[in-house]
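> The sequence and its predicted three-dimensional model are supplied below.
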Amino acid sequence: MLILLATFPQSLLVPNAQHASRATTALTANTVQPLSRASTVLLTAKTAQPLVLHAYEHCHFTTRTRLVLGWVGMPFECKFYGYGAGADPAKCEGRGYDPQDGGTVPLMGKKLCPVLTGDEVPTRDGLQGLGESMEICSYAAGISSGRLAPATGRADVSGWLDRVGDTRKALERPRLIRMPVPDFADARDVEYAKWTHTRRGFDYAEAEAATPQLLVEMQAGLEELATMLRGRDASRGGAPTLNAWGASVDDALVLPILRSLTCVRDLKWPPLVREYVDGMCEAAGVPLFTEHAS
Ligand SMILES: N[C@@H](CCC(=O)N[C@@H](CS)C(=O)NCC(=O)O)C(=O)O
């Protein structure tokens, strides 16, 4: 009699201990199969692979998905890429590297994060993962037992995001590329990032030189945001939230911006807004850039 036992330690399925509660739902076991008259049995265990979020650490869209997956308690691993990996130097004026097999190119045919992969994740058009941050968020909230309210479409939220857009980009872009993150570990990653923005008219030196004025503008924006926080989420450490009923997708639109702004050393935060970014990011297990702010 031959018995093959396949075991799958929980630690392999649950890289992030805080998401352990949903780990077992990913594990399915086959029943014992008789293989021959000699009553040889093969006992196998089949397990779904853990969800993998293909990610850039600095990317707002990726952060949005990390927040939502974290809040709803979905177990996943992040796989980070160099920002220039998968960009084709022939199409990017010499910037980028590994255009055939870098980044998410083998999964999606192009370099773009975030992408969610896993046995159960719905894909289409022959792609190997689910792209688009809002689709990933909707999928996670839709299949999870974790609670997350949908977006409200609040006009003050979209208006605020629009109004602070230029200011926060000018503050965060020169600083994010200095963060010790996998995205910018290689000089070619930084070069690619700078190229993508400068060719659209962004000036890194000008932005850094304008820091004092940008800080004034951004601090006014944060003061305004403080007046838009209407509630707290008791199930997520009592952290402040945009809506009275607790965390919602509205928060997943605003918090990635605030998280990026933690790379700006001299930015003064209204206490409520700082509590918001600290508490809600911690509830999702998303680290801030504060330690390396410049
Ligand atoms: N609509 C997409 C946008 C994702 C996106 O723009 N991701 C950026 C990183 S922040 C990217 O991968 N860009 C590829 C590049 O710049 O080379 C989503 O919401 O997921």
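Thanks, I have it.

> ok, which residues in the stretch 151-294 of the chain are in contact with the ligand?
Counting by C-beta under 6 Å from any ligand atom, the positions of the stretch 151-294 of the chain adjacent to the ligand are residue 196. (Glycine included, C-beta is placed from N, CA and C.)

> mind listing the strands for the stretch 151-294 of the chain?
Applying DSSP state E, counting those that start in this stretch to the stretch 151-294 of the chain gives strands spanning 231-233, 239-241.

> Can you give the distance from the last one to the centre of its chain?
Averaging C-alpha coordinates over strand 239-241 and over its chain gives two centres that are 19 Å apart (C-alpha atoms, centre = their mean, to the nearest Å).

> repeat for stretch 257-272
Counting by C-alpha atoms, centre = their mean, stretch 257-272 comes out at 18 Å from the chain centroid.

> Name the residues of it that are buried.
Judged by neighbour count (16 or more other C-beta atoms under 10 Å), stretch 257-272 contains these buried residues: 257-264, 267, 269-270.

> What average pLDDT does it get?
Looking at stretch 257-272 alone, the average pLDDT works out to 98.

> CA atoms only for it, dumped as CSV, please.
Only the C-alpha atoms of stretch 257-272 are listed here, as CSV (Å, rounded to 0.1, in the frame of the first residue of the first chain):
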residue,chain,number,x,y,z
ILE,A,257,-2.8,59.9,-1.1
LEU,A,258,-2.3,60.5,2.6
ARG,A,259,-0.1,57.5,2.9
SER,A,260,2.2,58.8,0.1
LEU,A,261,2.3,62.2,1.8
THR,A,262,3.9,60.5,4.9
CYS,A,263,7.2,60.7,2.8
VAL,A,264,7.1,64.5,3.2
ARG,A,265,9.1,65.3,6.4
ASP,A,266,7.9,68.9,7.1
LEU,A,267,4.2,68.4,6.5
LYS,A,268,2.2,69.4,9.5
TRP,A,269,-0.8,67.1,10.0
PRO,A,270,-4.1,68.1,11.7
PRO,A,271,-4.2,65.5,14.6
LEU,A,272,-7.5,64.0,13.3
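
> Which residues does it contact?
Stretch 257-272 is contacted from outside by 58, 60, 63, 161, 164, 168, 171-172, 175-176, 178-179, 211, 215, 218-219, 222-223, 225-226, 229, 240, 273, 276-277, 281, 286, 288-290, 292-294, using C-beta atoms under 8 Å, 6 or more residues apart in numbering.

> again, 6 Å this time
Stretch 257-272 has contacts (C-beta atoms under 6 Å, 6 or more residues apart in numbering) with 63, 168, 171-172, 175-176, 215, 219, 222-223, 226, 229, 240, 277, 281, 288-290, 293-294.

> any idea how far the closest residue to residue 191 other than its chain neighbours is from residue 52?
The spatially closest residue to residue 191, leaving aside those adjacent along the chain, is residue 95, at 5.5 Å (C-beta to C-beta, 6 or more residues apart in numbering). Distance, residue 95 to residue 52, by C-beta to C-beta, to the nearest Å: 26 Å.

> Please go through this protein and pick out the longest helix.
Taking DSSP state H as the criterion, the chain has its longest helix at helix 155-176.
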